[in-house]
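**Q** pasting the sequence and the predicted model now:
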Amino acid sequence: MTMLLKDLSGFASPLSDNQANQLKQAASELSPQQLAWVSGYFYGISQNHAVASVPETQVAVGTPSQLTIIFASQTGNAKGVAKQLHAKVVAEGFEAKLYDAADYKLKNLKNETHLIVVASTNGEGEVPDNAIEFYDYLNSKKAPKLDKLQYAVVGLGDSSYEFFCQTGKDFDAALSKLGATPFLERIDCDVDYESPVANWQSQALSTIGELFKESNVEASNGVVQLPLSSSASEYTKQSPYTATLLTNQKITGRDSTKDVRHIEIDLEESGITYQPGDALGVWYKNDAQLVDSIIAAVGLDKDESIEVDGKPTSLQQALIEQFEVTSSNPQFITQYAEKSASKKLLKLVEDKNKLREYAAKTQIIDVISEKKAKLTATELTSMLRRLTPRLYSISSAQSEVDEEVHLTVGVVEYETSKGQRVGGASGFLSNGLEEGEEVKVFIEHNNNFKLPTDDNAPVIMIGPGTGIAPFRSFLQERDSREAEGKNWLVFGDRTFAQDFLYQVEFQRYLKEGLLSQLDVAFSRDGANKVYVQDKLKQNAQQVWQWLQDGAYLYVCGDAERMAKDVQATLLEIAQQQGGLDAESAEEWLKDLRKQKRYQRDVY
């Protein structure tokens with residue numbers, strides 16, 4: 001490229017003299033490898049008429065890969081960390097590949113020399129769905145010896161759970177058992193992971209530089225192929241789009257024990273695009289009244305000036321916008337017990353299981369109310385987690401709603417001896433935000449929960465409660481595409497009269513033929529409780545036949561009970577209807593996952 005640029009003026013160039021000079025100046029400062037990267041980058045832009053995003057595939061073609069980064073991600077956090085690390089490694093001039101664990105070819109593992117695994121933990125120590133096959137392979141007899149591999153693991157998790165960062169720990173143990181050597185010690189990060197991850201990445205880049213300083217001399221002559229962003233302005237968790245709330249409508253009945261809202265948000269002129277199966281990240285604000293109660297409970301002044309991230313703000317504003325003040329966690333309770341010398345809390349801290357149970361059902365204001373502690377504003381904020389956005393499954397298809405995005409939000413609310421408590425994000429969307437007001441949002445793409453590209457393929461969707469959200473978007477999309485494939489929806493909730501979400505829409509789809517079958521399970525309408533897995537059992541022969549005919553099966557909703565019960569039912573159906581033994585049924589389900597015909601979005 002440098003040689004060509006020297007004589008650029010001799011060509012019929014579309015560049016101005018100033019642009020050509022700027023390009024020559026930039027090129028003169030780049031290494032051959034960096035020039036190869038830039039060449040492919042600009043080629044990608046020319047083919048897609050958009051600004052390229054961070055590359056997700058190899059930056060150079062024709063030379064051996066030096067570093068492979070694999071992410072195991074359920075909600076997108078591990079993916080984000082992996083992409084960020086990959087971009088930094090590439091910017092330093094090193095070769096790197098980035099893989100979703102679901103797309104990584106297991107046979108290549110034996111040839112890897114340097115590997116980084118970024119792994120989140122799903123619920124109580126469970127592996128993210130996209131990494132189950134990779135995880136099982138590492139722990140199987142088929143796994144190769146990896147004594148030539150150097151690796152590092154980044155674990156993401158929530159210390160409120162007993163098996164904190166268990167997936168990261170498991171990957172670390174499996175790689176070590178296979179003979180691999182860590183080039184960096186594993187890091188286990190809590191929900192506010194940004195700062196420790198940034199520090200770890202700096203250390204990792206330095207170490208990678210030492211490992212590869214002799215191996216990246218030769219440049220590649222290959223062309224780089226990069227995935228491109230869908231628009232010139234990609235909004236992210238760090239740089240969200242300021243959208244407008246259009247609609248906030250309660251869609252459960254007056255006498256329902258649940259409050260579920262249909263939310264519509266305006267994305268007009270943002271250029272944001274999304275696909276069915278994606279999630280919307282919502283940056284919410286804490287309730288001002290709750291914040292004032294917390295400040296008063298520890299005897300502080302809400303107008304006191306404090307510094308957060310090097311910027312001055314009031315204590316009240318900081319707690320509204322930057323810190324988690326609803327859900328408590330074991331670390332906060334432990335620290336507050338020491339500060340307050342509360343006998344009840346100190347005794348609780350001694351039993352980890354009881355501490356976790358208490359944290360799961362007790363908000364911060366209720367912990368503080370146990371006994372007043374004398375705290376400074378800085379001490380209080382240092383004990384709190386940083387606010388993180390809430391992800392909601394999108395319940396609309398852009399082909400149907402254009403520049404809008406819809407959500408189905410279950411309001412978290414419950415009574416305690418000290419009054420009613422409401423969830424932070426759900427409370428903000430349902431009661432803290434007026435129609436016409438602004439909310440900061442971003443799209444979290446989920447490539448592991450997508451409709452089949454074949455419009456003739458049958459689809460089975462299982463989504464009780466607000467787990468119905470992505471299936472509303474699926475059906476809108478299938479309708480827009482005029483897809484010929486059959487659609488079967490299994491929905492469940494408490495009562496038909498009060499809790500049948502989007503009833504009119506789904507019954508219309510059934511009447512029009514878009515829905516081939518609609519099964520509903522209402523657990524409190526009869527003497528016996530009926531759940532979605534019971535509907536699968538009742539239709540076992542049909543479920544098996546649909547799957548034999550190539551159906552794609554999707555599950556969305558509660559990970560702790562519902563998703564496990566549905567999976568157990570599928571295994572039972574495979575044994576009863578397919579004549580498989582228990583081991584063969586497990587293999588059958590694994591094979592469905594590999595084919596992406598069994599996908600889950602559970603939380």
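**A** Thanks, I have the structure now. Residues are numbered from 1 along each chain as shown.
**Q** drop to CA atoms for contacts and neighbour counts, all remaining ones
**A** OK.
**Q** quick one: residue 118 is in a strand?
**A** Yes. Using DSSP: H, G, I helix; E, B strand; the rest coil, the secondary structure at residue 118 is a strand.
**Q** contact partners for it?
**A** By Cα atoms under 8 Å, 6 or more residues apart in numbering, the contact set of residue 118 is 69-72, 78-79, 81-82, 153-156, 168.
**Q** ok, and what's touching the helix or strand encompassing residue 333?
**A** In this assignment (DSSP states H and E), residue 333 forms part of helix 330-340. Helix 330-340 has contacts (Cα under 8 Å, 6+ apart) with 159-160, 343, 345-346, 349, 355-356, 359, 367-368, 371-375, 383-384.
**Q** ok, back up a step: most neighbours out of the contacts of residue 118, which is it?
**A** Among those, residue 72 has the most neighbours (other Cα atoms under 10 Å), with 32 neighbours.
**Q** right, and the pair among the contacts of residue 118 with maximum separation?
**A** Maximum pairwise distance among the contacts of residue 118 (Cα to Cα): 15.1 Å, between 69 and 156.
**Q** narrow the contacts of helix 330-340 to those in helices?
**A** Among the contacts of helix 330-340, DSSP state H puts 343, 345, 346, 349, 355, 356, 359, 367, 368, 383 in helices.
**Q** which among these end up buried?
**A** 345, 346, 349, 355, 356, 359, 367, 368 (16 or more other Cα atoms under 10 Å).
**Q** among those residues, list the two that are farthest apart in space.
**A** 356 and 368 (16.5 Å).
**Q** now do residue 365: how many residues are near it, please.
**A** Per other Cα under 10 Å, the neighbour tally for residue 365 reads 21.
**Q** just say helix, strand or coil for it.
**A** Classification of residue 365 using three-state DSSP returns helix.
**Q** now do it against residue 151, distance only.
**A** 43 Å (Cα to Cα, to the nearest Å).
**Q** now secondary structure too, for the contacts of residue 118, in CSV please.
**A** Formatted as CSV, the contacts of residue 118 follow (three-state DSSP):
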residue, secondary structure
69, strand
70, strand
71, strand
72, strand
78, helix
79, helix
81, helix
82, helix
153, strand
154, strand
155, strand
156, strand
168, helix
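**Q** could you dump these into a markdown table with pLDDT added?
**A** Formatted as a markdown table, the contacts of residue 118 follow (pLDDT from 0 to 100):
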| residue | pLDDT |
| --- | --- |
| 69 | 97 |
| 70 | 98 |
| 71 | 98 |
| 72 | 96 |
| 78 | 95 |
| 79 | 94 |
| 81 | 96 |
| 82 | 96 |
| 153 | 98 |
| 154 | 98 |
| 155 | 98 |
| 156 | 97 |
| 168 | 98 |
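**Q** domain map for the chain?
**A** By the assignment in the TED database, the chain contains the domains 67-213, 241-284+389-444, 288-383, 459-602.
**Q** including distance to residue 109, could the contacts of residue 118 go into CSV?
**A** Below are those laid out as CSV (distance: Cα to Cα, whole Å):
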residue, distance to residue 109
69, 12
70, 11
71, 14
72, 16
78, 20
79, 20
81, 21
82, 18
153, 15
154, 18
155, 20
156, 23
168, 18
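**Q** ok, so of those, who is nearest residue 505?
**A** When the contacts of residue 118 are ranked by distance to residue 505 (Cα to Cα), residue 79 comes first, at 34.4 Å.
**Q** how about the contacts made by that closest one?
**A** For residue 79, the contacting residues are 71, 72, 73, 100, 118, by Cα under 8 Å, 6+ apart.
**Q** show me the helices in the stretch 51-200 of the chain, by range?
**A** All helices of the stretch 51-200 of the chain, identified by DSSP state H, counting those that start in this stretch, fall at 77-91, 132-138, 166-177, 194-212.
**Q** hang on, the earlier thing: looking at the contacts of residue 79, which two lie furthest apart in space?
**A** Applying Cα to Cα across the contacts of residue 79, the maximum distance is between 100 and 118, 10.1 Å.
**Q** hey, what's in contact with both of these two?
**A** In terms of Cα under 8 Å, 6+ apart, residue 100 and residue 118 are both contacted by the residues 70, 71, 72, 79.
**Q** in a markdown table, list these along with distance to residue 515.
**A** Formatted as a markdown table, the shared contacts of residue 100 and residue 118 follow (distance: Cα to Cα, whole Å):
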| residue | distance to residue 515 |
| --- | --- |
| 70 | 38 |
| 71 | 35 |
| 72 | 33 |
| 79 | 34 |
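**Q** of all those residues, which comes closest to residue 304?
**A** Among the shared contacts of residue 100 and residue 118, residue 79 lies closest to residue 304 (Cα to Cα), at 38.0 Å.
**Q** gap between that closest one and residue 86?
**A** Counting by Cα to Cα, the gap from residue 79 to residue 86 is 10 Å.
**Q** coming back round to it: need the domains of the chain in TSV with distance to residue 450, can you?
**A** Listed next are the domains of the chain as TSV, based on distance: least, Cα to Cα, whole Å:
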stretch	distance to residue 450
domain 67-213	12
domain 241-284+389-444	5
domain 288-383	31
domain 459-602	8
